[in-house]
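>>> pasting the sequence and the predicted model now:
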Amino acid sequence: MPAFFLAMLVLGLPLNLLSLWLFFHRLRRWTRSTVFLFNLTLADTSWLLALPFLINYHLEHLHWTLGWPLCTGVRMLYHNYFYLSIFFFTCISLDRYLAIVHPLRSLLLLGRRQTYLLCVAVWVVALVLSIPVASMTLIQTCPGSNRTVCTLYILLSETGESLPYSLVCSVIGFLLPLLSICYCGLRSVSGLRRRPDPHNKQRRLRRALSAALVLFALFYLPYHLSRNATIVMRTLYPDSPASWLHADMVFSMEMCFCSLITCVNPLLSCVMGRQFREEFHATFAVICPRCTGTSKRARVTARQRMSTVTPVTNFGFVREIT
């Protein structure tokens, strides 16, 4: 786990910091998708900045020396991040649905004020959903090794609180958003199929929407299944820790696998936002021309473009379909 988390930190933090820089300094116009993608990137960055504490904890052989408040904060942030990511992904799907299926009413249904309020509501709901983690996070001393452990509520032997809480979070924080994303995605793809597509733009967007739905299910469905299975095994076999071993191992692997989403989300921003994709490619071509195979002339053009673009400060909204 520490090696995997370190790899995510080294790979994901530069990508997300670059994304934040592009949001603040390169994008000339902010759409609804831009606002949602910015909040998603902000959530990714906050989680990546907390990873060094967990890396140190695992490298110290599960010996926590930073006190209960920081232990609680890291555990809440870990739990909070996944649902922030899920909720903002749902918002992006809703925005695509409104722009494709209801283009004329989309600005009235989800205008600038409603978009900002929705982002604030997502942060508040995700925080409230993570508050019970604080009461289930404990600092315990192992009698055999004298190690101080920062407990994870999922791995507690007492499941009277953890099992109902995990099931409620799975329904509110995953199942309902999954149904919403499926509905918005299928309606959007169906709407795009009925449009003329002489340049294959709609086909590319349909593929992007379908791939986003598959990735969402691939990342979060196994995580919630393994998390609930881990707690259920402790409920069914409270006096047999050996019975928990396989479920714990699968859940630990899913914790690592879900961390990959912090590296995938910047790519999602490139797919869903045309402005972001263009600025990202231009910036990356200047930073690492050999990686992109960019010619010298194209690099000069990218530098000229970066030097002439001035970010807009009023964040006016425009509709963006591709």
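Right, received. Where do you want to start?
>>> distance of C71 from F4?
From C71 across to F4, the span is 21 Å (CB to CB, to the nearest Å). All C-beta atoms are positioned from the backbone trio N, CA, C, and that covers glycine.
>>> wait, S46
S46 is 19 Å from F4, where distance means CB to CB.
>>> got it, and L215?
L215 sits at a distance of 19 Å from F4 (criterion: CB to CB).
>>> please apply the same query to A217.
In terms of CB to CB, A217 sits 22 Å off from F4.
>>> more crowded one of these two?
More neighbours surround F4 than the other of A217 and F4, with 17 against 14 (other CB atoms under 10 Å).
>>> so what's that one closest to, chain neighbours aside?
Closest residue to F4 apart from its sequence neighbours, by CB to CB, 6 or more residues apart in numbering: C256 at 4.4 Å.
>>> surely the one you found meets F5?
Yes. Taking contacts as CB atoms under 8 Å, C256 lies within contact range of F5: 7.4 Å.
>>> these two: who's more crowded?
Ranked by neighbour count (other CB under 10 Å), C256 and F5 place F5 first, with 21 against 14.
>>> that one: which element?
Assigning secondary structure by DSSP states H and E places F5 in helix 2-25.
>>> packing partners for the helix or strand following that helix?
Where DSSP H and E defines the elements, the next helix or strand beyond helix 2-25 is helix 32-59. Identification of packing neighbours for helix 32-59 by 3 or more CB pairs under 8 Å, 6 or more residues apart in numbering; DSSP states H and E yields helix 2-25, helix 68-101, helix 112-136, helix 261-272, helix 274-287.
>>> got the angle between helix 32-59 and helix 112-136?
Counting by axes from the mean of the first three to the mean of the last three CA atoms, to 10 degrees, helix 32-59 lies at 20 degrees to helix 112-136.
>>> and helix 32-59, how far out from the chain middle?
Between the centre of helix 32-59 and the centre of its host chain there is 8 Å, according to CA atoms, centre = their mean, to the nearest Å.
>>> what angle separates that helix from helix 68-101?
Angular relation of helix 32-59 and helix 68-101 on a 0 to 180 degree scale: 150 degrees, by the same axes, to 10 degrees.
>>> let me see the domain layout of the protein.
For the chain, automatic domain parsing gives the domain ranges 2-21+30-269, 273-309.
>>> L192 and W47, how far apart?
33 Å.
>>> more neighbours: these two, which one.
Per other CB under 10 Å, whichever of L192 and W47 has more neighbours is W47, with 23 against 20.
>>> in the stretch 151-300 of the chain, which spans are helices?
Remark: helices assigned in the stretch 151-300 of the chain by DSSP state H, counting those that start in this stretch are 162-170, 176-193, 201-236, 245-258, 261-272, 274-287, 289-292, 296-308.
>>> and those helices, which one is worst for confidence?
When the helices of the stretch 151-300 of the chain are compared by mean pLDDT, helix 296-308 comes last with a mean of 46.
>>> and the residue lying farthest from the centre of the chain, which of the three is it?
Going by CA atoms, centre = their mean, the residue of the chain most distant from its centre is G144, 38.2 Å out. Following DSSP: H, G, I helix; E, B strand; the rest coil, the label given to G144 is coil.
>>> so what pLDDT did it get?
Per-residue confidence at G144 stands at 70 (pLDDT).
>>> please report the distance of it from Y165.
29 Å.
>>> go on, D44?
24 Å.
>>> more neighbours, these two?
Between D44 and Y165, D44 has the larger neighbour count (other CB under 10 Å), namely 27 against 20.
>>> quick check: that one touching T262?
Yes. At 4.6 Å, D44 counts as touching T262 under the criterion of CB under 8 Å.
>>> and for those two, which residues touch both?
Residues touching both D44 and T262 by CB atoms under 8 Å, 6 or more residues apart in numbering: 12, 16.
>>> show me what contacts the residue nearest to R105 when sequence neighbours are not counted?
Spatial nearest neighbour of R105, chain neighbours left out: L98 (7.5 Å); criterion: CB to CB, 6+ apart. Shown in contact with L98 (CB under 8 Å, 6+ apart): 105-106, 109-110.
>>> mind doing that once more with 10 Å?
The contact partners of L98, taken as CB atoms under 10 Å, 6 or more residues apart in numbering, are 32, 105-110, 184, 188, 319.
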